[in-house]
Structure formats: C-alpha cells, structure tokens
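Engineer: show me how the following folds:
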Amino acid sequence: MSDFWESELGEVTGCAADAFAKTFTHVPDGTMALARIDSFVNAEYQGNKYLSIDWVLTDGDFKGAKVNQKLKVYGDPRDRDPAKTRHRALNMLKLIYQLYNTKPKHSGEPTDQDLSVFVGKHAGIRVRETEPNDNGKQYNWVAEIHDAKGFKCETGVSIVVTHTNIIPTQVSIDSAFSRNPRVPESIVDDIPF
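Structural biologist: Next up, the predicted model:
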C-alpha cells in the first residue's frame, strides 16, 4: 500500500494547495523554477527534426505545469539564421550532458534511448513567453538550464500585449490636421524662438 501513496513530485499532503487544479494557461515570462525532465525524445514537425524536452515544474507558483523545450540540433531552414540556431541548440545539448556528468555513447545523432538517461533528472530552468502568434496565442519555452543545487525560484511577469488598430489607407480620418493642413502665418510669427 505504501507504493500507491508515493508520488514522484513529493509528499502527498492532502492539503488544498496540493489538491486543487491551478487555473493558468502559461507560465509568466522570466519565471525561474525547479523542474524535472518528463520526456526527452526526437520529434518532427512539418518535416523539420528536433529534440523535444518536456519539463514539469516541481516547485514555485506553477508547480505541476509543463513546459516544452525544442532543441533544433538538426537546424531549421525556416529560421532567419539556421546555422546559428543549430549551433546554439548543440551547445544547449552539450550543456545538458555536462550538467548531469554524462557523455554521449557515440558521435552520431542521439537516439531516444540515448536521451532517456535524462528522464527524471532535475534542474533549475528559466521560462520565457513567445510573442503572440496570428491567433493571439502565446507559448512558453525554456531559455536557460541551471544546476538544481542552490537554485532560487522566482515568478516572472507575463508579457502584456497591446494591440494597435491599423487603418487602411483608403479610409480618411477626419481630424484637425486634415481639415487645416496649413498653419496660419500669424501663429508662426508669434513663436518667440
């Protein structure tokens, strides 16, 4: 019976804070939290391969939230600078290996089995928010990974999006400038400088 009541996220307390679902759609920008790797696999979207890490936050205000990290170690032709994107992703992968004192078993592309050694490992991560897409949706992504020892959690602040209305050029706006395009000379002469 003791195995049933054990949770990989910590002690089962039965208190409301641990039992009730939190209502949040995304983690605020700049949040620093302890997290556990839930999965680390090869993935593909629209023909572009990448490594996908699912992190589960294990501490802080958003405990239990999942955040995905994509490592574009194979490059992505849709990016502005695919070589720079690939270089950064390879460095992040190497940082992960170093963080957990692990070395790749071969020099080829990592397999899902190779990456499975990281599942269950903990780290401190910085979560960021994307700019809104065409549908106004924002997503989280992992910007930094740090050693869990001594890591301090901190809740970030959501990016506030303000919308501007772009008016088509065919529509004329009735304003004082359009009704009075010229400044009377008498006003210009009264300016002391």
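Engineer: measure the nearest residue to K63 once chain neighbours are set aside to F4 for me?
Structural biologist: Once flanking residues are discounted, K63 sits nearest to L57: 5.5 Å by C-beta to C-beta, 6 or more residues apart in numbering. Yep, even glycine has a C-beta here, placed from its N, CA and C like the rest. Counting by C-beta to C-beta, to the nearest Å, the gap between L57 and F4 amounts to 24 Å.
Engineer: repeat that for G47.
Structural biologist: Between G47 and F4 the computed distance is 44 Å (C-beta to C-beta).
Engineer: circling back to that earlier point, residues in contact with the residue nearest to K63?
Structural biologist: Residues counted as contacts of L57 (C-beta atoms under 8 Å, 6 or more residues apart in numbering) are V27, A33, L34, A35, K63, G64, A65, K66, V67.
Engineer: and the pLDDT for F4?
Structural biologist: F4 carries a pLDDT value of 77.
Engineer: helix, strand, or coil at it?
Structural biologist: Three-state call for F4 (DSSP: H, G, I helix; E, B strand; the rest coil): coil.
Engineer: please renumber so the chain begins at 340
Structural biologist: Yep, numbering from 340; the last one is F343 now.
Engineer: now the helices for this structure?
Structural biologist: 355-358, 421-438, 451-454, 515-518, 524-528 (DSSP state H).
Engineer: tell me the centre residue of this protein?
Structural biologist: Nearest to the mean C-alpha position of the chain, by C-alpha atoms, centre = their mean, lies W480 at 1.8 Å.
Engineer: from V466, how far out is that residue?
Structural biologist: Distance, W480 to V466, using C-beta to C-beta: 7 Å.
Engineer: about what we covered before: the residue nearest to K402 pairs with what?
Structural biologist: L396 has the following beta-bridge partners by DSSP bridges: A374.
Engineer: quick check: D398 touching A372?
Structural biologist: Yes. In this structure D398 lies within contact range of A372 using C-beta atoms under 8 Å: 6.0 Å.
Engineer: okay, those two: which has more neighbours?
Structural biologist: It is A372, of D398 and A372, that has more neighbours when counted by other C-beta atoms under 10 Å, with 27 against 18.
Engineer: quick one: that one from V351, how far?
Structural biologist: 21 Å.
Engineer: what about the protein, any weak spots by pLDDT?
Structural biologist: By pLDDT under 70, the weakly predicted segments of the chain are 340-341, 356, 360-364, 498-532.
Engineer: need the contact list for H461.
Structural biologist: Residues near H461 by C-beta under 8 Å, 6+ apart: L373, A374, R375, I376, T397, A487.
Engineer: for L434, which non-adjacent residue is spatially closest?
Structural biologist: Distances taken as C-beta to C-beta, 6+ apart place I484 nearest to L434, at 6.5 Å, with adjacent residues excluded.
Engineer: how close does that neighbour get to Y436?
Structural biologist: To Y436, I484 is 11 Å away according to C-beta to C-beta.
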